[in-house]
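Undergrad: model the following, please.
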Amino acid sequence: MKNHTSPNFDRQTLLIYLRSQRLMSLTSGVGNNLWSCSVYYVVDDKLNLYFISEPETQHIKNIHKNNKIACNISDSSQAVVDKKVGMQIQGIITEESNQIKIKTILSMWNKNNPGFADIVNLKNMIRKVIKSKVYKVQPILIKFFNEKLYGSEGFRIINLNI
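TA: Have a look, this model is predicted:
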């Protein structure tokens with residue numbers, strides 16, 4: 001397997017792929033208490049991923065104890081014979097508290113997930129009509145599998161914690 005650590009990477013290539021997908025698998029936990037879930041996400045230009053979730057879910061309870069997570073993003077429609085493309089990510093999760101930023105994120109989220117704008121919005125969050133909050137995943141390490149770009153079993157490891 002070709003292992004390339006890349007401090008200089010093509011941010012645009014990563015963003016194009018991240019914006020082509022909608023669903024990420026997220027794993028959180030402390031010790032043996034691990035939990036995986038799937039969340040719909042959006043991404044900003046700095047490669048931060050944002051998702052919406054209720055504070056009482058197991059994955060959010062876990063991140064209050066340990067905010068280090070792992071997640072992966074891939075297109076589940078890829079056939080086994082296709083050239084694989086996907087990401088494995090290690091990062092840190094925090095709850096977004098800036099209302100201007102939340103409004104922007106919710107606008108992005110609703111654009112990618114149409115049909116919920118009347119429910120999933122800042123006004124409903126402030127009034128506690130919905131319990132959901134906005135969470136930010138700040139990637140520290142990205143393993144970007146891309147056989148289309150890097151050949152068979154090719155990937156790049158991008159360390160963002162440099």
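Undergrad: only C-alpha atoms for contact and neighbour calcs from this point on.
TA: OK.
Undergrad: give me the element the nearest residue to residue 152 once chain neighbours are set aside is part of.
TA: Nearest residue to residue 152 in three dimensions, chain neighbours excluded: residue 83, at 7.6 Å (CA to CA, 6 or more residues apart in numbering). Secondary structure assignment for residue 83, by DSSP states H and E: no helix or strand.
Undergrad: part of a strand, is residue 125?
TA: No - the assignment for residue 125, made by DSSP: H, G, I helix; E, B strand; the rest coil, is helix rather than a strand.
Undergrad: got the contact list for it?
TA: Going by CA atoms under 8 Å, 6 or more residues apart in numbering, residue 125 touches 131-133.
Undergrad: which one of these sits closest to residue 161?
TA: residue 133 (25.9 Å; CA to CA).
Undergrad: tell me the contacts of the closest one?
TA: Shown here is residue 133, whose contacts under the criterion CA under 8 Å, 6+ apart are 52-55, 95-96, 125.
Undergrad: need the longest helix for this protein.
TA: Secondary structure of the chain read by DSSP state H shows that its longest helix is helix 99-112.
Undergrad: would you turn the contacts of residue 133 into JSON lines with distance to residue 149, secondary structure and pLDDT?
TA: What follows is the contacts of residue 133, written out as JSON lines (distance: CA to CA, whole Å; DSSP: H, G, I helix; E, B strand; the rest coil; pLDDT from 0 to 100):
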{"residue": "52", "distance to residue 149": "32", "secondary structure": "strand", "pLDDT": "97"}
{"residue": "53", "distance to residue 149": "34", "secondary structure": "strand", "pLDDT": "97"}
{"residue": "54", "distance to residue 149": "37", "secondary structure": "coil", "pLDDT": "96"}
{"residue": "55", "distance to residue 149": "39", "secondary structure": "coil", "pLDDT": "96"}
{"residue": "95", "distance to residue 149": "34", "secondary structure": "strand", "pLDDT": "97"}
{"residue": "96", "distance to residue 149": "34", "secondary structure": "coil", "pLDDT": "97"}
{"residue": "125", "distance to residue 149": "41", "secondary structure": "helix", "pLDDT": "96"}
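Undergrad: alright, calling it a day.
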